[in-house]
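Enquirer: Here is a sequence together with a model predicted from it:
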Amino acid sequence: MTRVLPGALAALLLATVFVPLGLLLARSGGSGDWLEAWRSPESRHALAGTLLTSGGASAIALALGVPFAWLIARTDVAARGALRTVVTLPSAIPPYLWTMGWIALANPRSGWLTLVVGRERLDVYGTAGIAFVLGTSALPLVVLATAAALERIDPGLEEAARLSGAGAFTTFRDVTLPLIAPATLSGGALVFVFASASFGVPYLLGVPANPPAPTLTTRIYAEVLMGEAGLARAASLSVQLLLVAVGVLAVNAFLSRAGRVRLSRGKGGSARVTALGPWRWPLSSLAWATAVAVIVLPLLAIFLTGLMPTWGQWGRLTLEHWSLVLQPRTLAAAGASALLGALAALLVGALGLAVAITRRRWLETLADAPSALPGTVLALALLVAFSRDVRFIAFERVTFVLALGNTLWLVLLSYVVKHLALGVRAASDALAQADLSLAEAARLSGAGRLRAFVDGVLPQLHGALVGAALLTFLTCVSELTMSVLLVPTGGDVLGTLLFELQSYADPASAAVIASALLLVVLSALVVQNVVARRAEARG
Amino acid sequence: MTAVELLEIEKAFGPTAVVKKLSLSVREGELVALLGPSGCGKTTTLRMIAGLERPDRGRVLLSGQLVDDGATFVAPERRGLGMVFQSYAIWPHKTVFENVAYPLRLKRPTDVAGAVKQALGWVRLEAFGERRPHQLSGGQLQRVALARALVGAPKVLLLDEPLSNLDVALREELRGEIASLRAKLGTTMILVTHDQAEALALADRVAVMNRGVIEQLAPPDVVYREPATPFVAGFVGGANVLDGEVRDASFVSHGVTFPLPAGTAAQAGPGTLVVRAEDVHLGDGGPALPLEARLFMGSATEFRLALGASVLRATGPAALEARPGQAVTVRFGRAQLFSRRGT
């Protein structure tokens, strides 16, 4: 069993990720064709769009995230815990939902904020808008990385600077900032990768913009819609997207190594809280005003759009649109999403555990890798590989036909592969921290290997695995980037339904479904919080 | 002249009082050790001198100048102090040279390089200027910390458990270096430690702290020979602290009657008898106690004798013929009695 398992898992990953990726590269033609395709103006335009929006998103996330992280980790800012919850909220909510909120707030004709500042003065469509929405929805990546680094710094390092004659600001500039820089920049690099792989935001904000603001992902989608001829061009563009992701992730790997060196000494965990003194109320007000503006406001806008189709008509709040939730098409999409999400969560947990217990580093790396692939690239690879039936012939007689093309199974496969890293990392970290002597004790008490694992180790991994599964479920239920390429024609999942309603038909109905989705996500977060707090109280 | 003066300072964290009405004055050029178990308030006291912690009440003066009385507060960077931390606190993103140069850079004096070179010379690290902190050992890091704290010629050097992260050999080496540096530079120092050997070896005066108060402030030999309280006796030198009762020039503890050595000030009634292990003579008459174990400690052997439910420790010659289980007679050569009236 222990000898077969790593091989079987590796074969599974090769067949579902790496072979399809190879086929995609082959499909994009020889290197000559790549250069040809990359030189075309459309392609260069799309690449520039991706780099510009992703760079902008990183800059915005860093500019907002570092001050937030400092306030949350190190100061007595008002309602600190609540502020942390609010600014880390975006990680649980799919980015295209923020987009819907911002379209309601800042579209150039009738956006609610636009009407306040004057028509046409505010325009969320275009490169700047894409960067802004992506940057704010990726805020937690910077905030969490920076706050964790701030909390881990040995307080003595900063106190030594004070005793050396440096004031509070000089200490921050000369000691704190250089120490957190690798972690913070690594968070910024992840924002870049996240933004470059994003599809919903640049599609909803870039395509209708004047002039249009294409990115690689939206360009690939457009090419795929053109059919067979577009597929080769899409494949060639996806190579660019892949290279962007790989390049930035390499920088990120370097940064996190540097960060470990800088933060490794000292006991940590005892970072001291700075009293803001007379600055407390001004800074708290500013922080809360910003958090409300970039996080609470767009969510509120979604809820209100669902209740009040025309802005300002407070007397005409209506639940009329909510009846839409009960339409058969919506229910079918919600059912499909829930089922896919639940299956994906289950498989991510089980496969993650399987990979982790082999204790093979190379296998963990192999299983981790797909999470770094832009969703568009992964989906396109699966599309290329499985659009035709795959036949396996065993013993020259029995033939298995794998007909995944154009089915929800392919969607499920993409969800599982993309999020497998969540399960692997959770199980692997929990396993590293688990007290294995419990299993040894069980074996000495007479339990067999399997029994010892189930009784001694599994209970210690339970919490981490449930957390990973829940996160997988929440992400998959609202997944858009891969679904939009893989969901069979005529079928819907929540993401694609929302996407279609928002971009072509009926923003108010989209807002209703989005509100329902938000309620589900928010209540899941509350449940998760309560469970975590109870576990903490028990432990 | 007084370098540091603490006047009735108090500090509580939440409901727990950590430092209670503590007063202390440190003369210029003196080395005072704050010695006590963890949680006794010694580090908090040091941090209040540094300005890293604010006292709830009381006053802190440096060279006669008020630096903290609740209303007035001089920030740590303006107090002209140096500090060495238990965790070394060497900035990992700067070289050794840059670490030591930092306090000078902030002051903008003329010859940074020369001063840094001199300070690195004090701690015998001249050749290590371009090294990165992660390339150094713990002992080297702590020497860098010493150089950095001393380079700006501080009025007072604060040492917060500077040796406790090091192994035994390094600790002794660095202890010697601190003593030589002090002889060379004459800097006033305050040393926080839980290691009595460190405090006794380095300090001019030792302040033994317990639960937020100084139980005794005296030169090391006085603290060692004449502990002011049973706690000091127990903590410094690890004396036997026996609870019992004085009856007819004898001390009764756990049902065993020990004759009091001649010259022990005794008053009938309940009391606490403090006897150092080296003052417990074995096989020389007196009550017999069963030997529980003998521990060979190198220069001496420790004998553990059962006294009721507790243990009486004695050091004696390794040659003493006694096996665990055998009874050994016990006589106290020297002892100190603390009467417990009203308890």
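Expert: Yes, it's here. Here the structure is a predicted model, which is why all the values come from computation and not from measurement. Numbering: from 1, shown residues only, chains lettered A, B, ... in the order given.
Enquirer: elements contacting the helix ranked longest in chain B?
Expert: The longest helix of chain B (DSSP state H) is helix B:168-185. Secondary-structure packing of helix B:168-185 (3 or more C-beta pairs under 8 Å, 6 or more residues apart in numbering or on different chains; DSSP states H and E): helix B:112-122, helix B:138-150, helix B:196-202. In short, each C-beta sits where N, CA and C put it, glycine included.
Enquirer: So for residue A:334, which of the ones you listed sits nearest?
Expert: Evaluated with C-beta to C-beta, these place helix B:138-150 nearest to residue A:334, the distance being 59.3 Å.
Enquirer: and the residue of chain B nearest chain A?
Expert: residue B:89 (3.4 Å; C-beta to the nearest C-beta).
Enquirer: Name the nearest residue to that residue, ignoring sequence neighbours.
Expert: In this structure, residue B:89 finds its nearest non-sequential neighbour in residue A:156, 3.4 Å apart by C-beta to C-beta, 6 or more residues apart in numbering or on different chains.
Enquirer: any idea which helix or strand comes after the helix or strand hosting that neighbour?
Expert: Secondary structure assignment for residue A:156, by DSSP states H and E: helix A:155-163. Per DSSP H and E, the first helix or strand lying C-terminal to helix A:155-163 is helix A:168-171.
Enquirer: Run through who's touching that following helix.
Expert: A:158, A:161, A:162, A:274, B:75, B:106 (C-beta atoms under 8 Å, 6 or more residues apart in numbering or on different chains).
Enquirer: average pLDDT across it?
Expert: Averaging pLDDT along helix A:168-171 yields 91.
Enquirer: do the same with stretch B:240-252
Expert: For stretch B:240-252, the mean confidence score works out to 89.
Enquirer: One more: stretch A:467-485?
Expert: On average, stretch A:467-485 scores 90.
Enquirer: what about the chain, any weak spots by pLDDT?
Expert: Chain wasn't specified; assuming chain A. A:1-2, A:29-34, A:259-271, A:309-316, A:324, A:388-403, A:505, A:538-539 (pLDDT under 70).
Enquirer: was after chain B, sorry
Expert: Checking chain B against pLDDT under 70 turns up B:109, B:341-343.
Enquirer: got the buried residues for the helix or strand that contains residue B:243?
Expert: Per DSSP H and E: residue B:243 is located in strand B:240-247. Going by neighbour count (16 or more other C-beta atoms under 10 Å in any protein chain shown), the buried part of strand B:240-247 is B:240, B:241, B:242, B:244, B:246.
Enquirer: which residue packs closest to the second one, ignoring adjacent ones?
Expert: This points to residue B:241. Residue B:241 sits nearest to residue B:234 (C-beta to C-beta, 6+ apart), 4.6 Å away.
Enquirer: What of the fourth one?
Expert: Spatial nearest neighbour of residue B:244, chain neighbours left out: residue B:253 (3.2 Å); criterion: C-beta to C-beta, 6+ apart.
Enquirer: what's the neighbour count on that neighbour?
Expert: Close neighbours of residue B:253, defined as other C-beta atoms under 10 Å in any protein chain shown, add up to 19.
Enquirer: Pairing partners for it in the sheet, please.
Expert: residue B:256 (DSSP bridges).
Enquirer: Tell me which residues touch the residue of chain B closest to chain A, please.
Expert: A:154, A:156, A:157, A:159, A:160, A:266, B:145.
Enquirer: again with residue A:220
Expert: Here residue A:220 is in contact with A:234, A:237, A:238, A:241, A:376, A:380 (C-beta under 8 Å, 6+ apart).
Enquirer: My guess is the first one contacts residue A:223. True?
Expert: Think residue A:234. Yes. The pair residue A:234 / residue A:223 is scored as a contact, 3.9 Å apart, by C-beta atoms under 8 Å.
Enquirer: From chain B, how far off is residue A:79?
Expert: 21 Å (C-beta to the nearest C-beta, to the nearest Å).
Enquirer: What separation do you get for that residue and residue A:87?
Expert: 12 Å (C-beta to C-beta, to the nearest Å).
Enquirer: Please say which of those two ends up with more neighbours.
Expert: residue A:87 (27 against 12).
Enquirer: Leaving out sequence neighbours, find the closest residue to that one.
Expert: Here the residue nearest residue A:87, using C-beta to C-beta, 6+ apart, is residue A:68, at 5.0 Å.
Enquirer: just residue B:228 next, same as before
Expert: residue B:216 (4.0 Å).
Enquirer: ok so, going back, can you say which of the contacts of helix A:168-171 are buried?
Expert: A:158, A:161, A:162, A:274, B:106.
Enquirer: Most widely separated two among those?
Expert: The widest separation within the buried ones among the contacts of helix A:168-171 (C-beta to C-beta) is 19.9 Å, between A:274 and B:106.
Enquirer: re earlier: comparing residue A:234 and residue A:223, which shows the higher neighbour count?
Expert: Each of residue A:234 and residue A:223 has its neighbours counted (other C-beta under 10 Å); residue A:234 has more, 28 against 23.
Enquirer: neighbouring contacts of the longest helix of chain B?
Expert: By C-beta under 8 Å, 6+ apart, helix B:168-185 touches B:31, B:122-124, B:138-139, B:142-143, B:146, B:150, B:159, B:162-164, B:166, B:187, B:189, B:198, B:201-202.
Enquirer: Okay, domains of the chain per the record?
Expert: Using chain A. With automatic domain parsing as the criterion, the domains of chain A are listed as A:1-26+A:320-539, A:40-318.
Enquirer: actually it's chain B I care about, not the one you picked
Expert: With domains defined by automatic domain parsing, chain B comprises B:2-232, B:239-339.
Enquirer: can you tell me which residues contact residue 280?
Expert: Here I'm looking at chain A. Residue A:280 neighbours (C-beta under 8 Å, 6+ apart): A:76, A:77, A:78.
Enquirer: Sorry, I should have been clearer: chain B.
Expert: Counting by C-beta under 8 Å, 6+ apart, residue B:280 has contacts B:240, B:312, B:313, B:314, B:315, B:316, B:330, B:331, B:332, B:333.
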